[in-house]
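Q: What follows is a protein structure lacking sequence information:
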């Protein structure tokens, strides 16, 4: 037997298909939405449509934006000779939140993952290469510290280095505030290899 | 500085206002939605609008349904003399999933909470009382085992008992599979008080 009416079930199903949302959360969200005032529900529904319709890739860095060129790439105060390569717009946002990086970005929209059939042609690598024809001093690879992220970093570094451009990789190590006894061995070894003089 | 473009920020904000969704999850959901195909996005947005437009209270039990009377209340095979009182449609669904309860329900849409300014007039109590004029043998109070749920249970029981209708409360105790050492004292005492003979 159906526990909820058709429309409510459809909503629960649609919400449950979102990442990180299980059946229970979807139910909770669905009933919350049904109990919202009509204008709030309309706003939520509209925001979904608008974000989808207006979001496209920045012609420089490929992040998602509603302008032709994103606010970072069109900012003349940023150092356009320093490009940080990230996997997705959320990683870009994470570094932007630090407020200390004044270079620009390049968003790959993924990482190379032979296991999942994602090759170099499936991420925004071509766009990165064409940007390097300009005046670029350094490419900072800030892909995740996962197998896919490392593979991608290695691939990009091999691709770019011959062109004589400096390629760096963000450091792996113990997170600030991290307790050594709870850190895995690989990270501990990375932290040791990457030690700096005081 | 804005980390994301206007439309994306609005979507993140709207999603972040849903229950149990923090900033990070909202970001993750937003980018997932933007990367979905257009028809999927349309379906999600439509399902929100449809569920809101078509959901209303069942004229019998006050659960949310798209018909005049919900499938449970309109099922002649259910025992209409046994009414289980729950706080919300998700609690109804929880008992329906057991597949063993064949009575009907009454959904209060909340619980009495003087702390939050929710009095007996703010939940669907009047509708319950008017149902009792019919042929009812038992009212099973299945509100949550929280302060609000207990207060509501107490209030309903005092209201109904004088009419000579049997009022029961679902048992409090150790959850099946629960480990005694991790159960709080109040629950342990409830389990002791509610012990049954073997």
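A: Thanks, I have it. Note that the coordinates shown come from a computational prediction; the quantities given were computed from them, not determined experimentally.
Q: Going by C-alpha atoms from here, please, whenever you check contacts or count neighbours.
A: Fine.
Q: what's the next secondary structure element after whichever strand in chain A runs longest?
A: Of all segments of type strand in chain A, defined using DSSP state E, the longest is strand A:79-86. Tracing the chain past strand A:79-86, the next element assigned as helix or strand by DSSP states H and E is helix A:89-98.
Q: What's the first helix or strand after that next one?
A: Tracing the chain past helix A:89-98, the next element assigned as helix or strand by DSSP H and E is strand A:103-107.
Q: Check which helices and strands that following strand is in contact with.
A: In this structure, strand A:103-107 packs against strand A:79-86, helix A:89-98, with contacts taken as 3 or more C-alpha pairs under 8 Å, 6 or more residues apart in numbering or on different chains; DSSP states H and E.
Q: at contact distance from chain B, anything in the longest one?
A: Okay, so that is helix A:89-98. Yes. Applying C-alpha under 8 Å from any C-alpha of the partner chain, one finds helix A:89-98 in contact with chain B at A:90, A:93, A:96-97.
Q: Tell me which residues touch the residue nearest the centre of chain A, please.
A: The central residue of chain A, meaning the one whose C-alpha is nearest the mean C-alpha position (C-alpha atoms, centre = their mean), is residue A:88 at 2.0 Å. Contacts here follow C-alpha atoms under 8 Å, 6 or more residues apart in numbering or on different chains; on that basis residue A:88 touches A:63, A:107-110.
Q: PyMOL command for the buried members of these?
A: A single PyMOL command is used to select the members of these judged buried by 16 or more other C-alpha atoms under 10 Å in any protein chain shown:
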select buried, chain A and resi 63+107+108+109+110
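Q: all helices for chain A, in order.
A: Assignment of helices within chain A using DSSP state H yields the ranges A:6-16, A:23-35, A:38-54, A:89-98, A:125-131, A:147-160, A:185-193.
Q: closest one to residue B:180 among those?
A: Smallest distance to residue B:180 across these (C-alpha to C-alpha): 26.0 Å, for helix A:23-35.
Q: For stretch A:102-111, give the distance from the opening residue to the closing one.
A: 24 Å (C-alpha to C-alpha, to the nearest Å).
Q: ah, wrong one, I meant stretch A:134-144
A: Between the opening and closing residues of stretch A:134-144 there is a gap of 26 Å (C-alpha to C-alpha).
Q: do stretch A:16-29 as well
A: Start-to-end span of stretch A:16-29 (C-alpha to C-alpha) is 9 Å.
Q: Report the buried residues of the lowest-mean-pLDDT helix or strand in chain A.
A: Of all regular secondary-structure elements in chain A, judged by mean pLDDT, DSSP states H and E, the least confident is helix A:185-193 with a mean of 81. By neighbour count, with 16+ other C-alpha under 10 Å as the criterion, the buried positions of helix A:185-193 are A:187-188, A:191.
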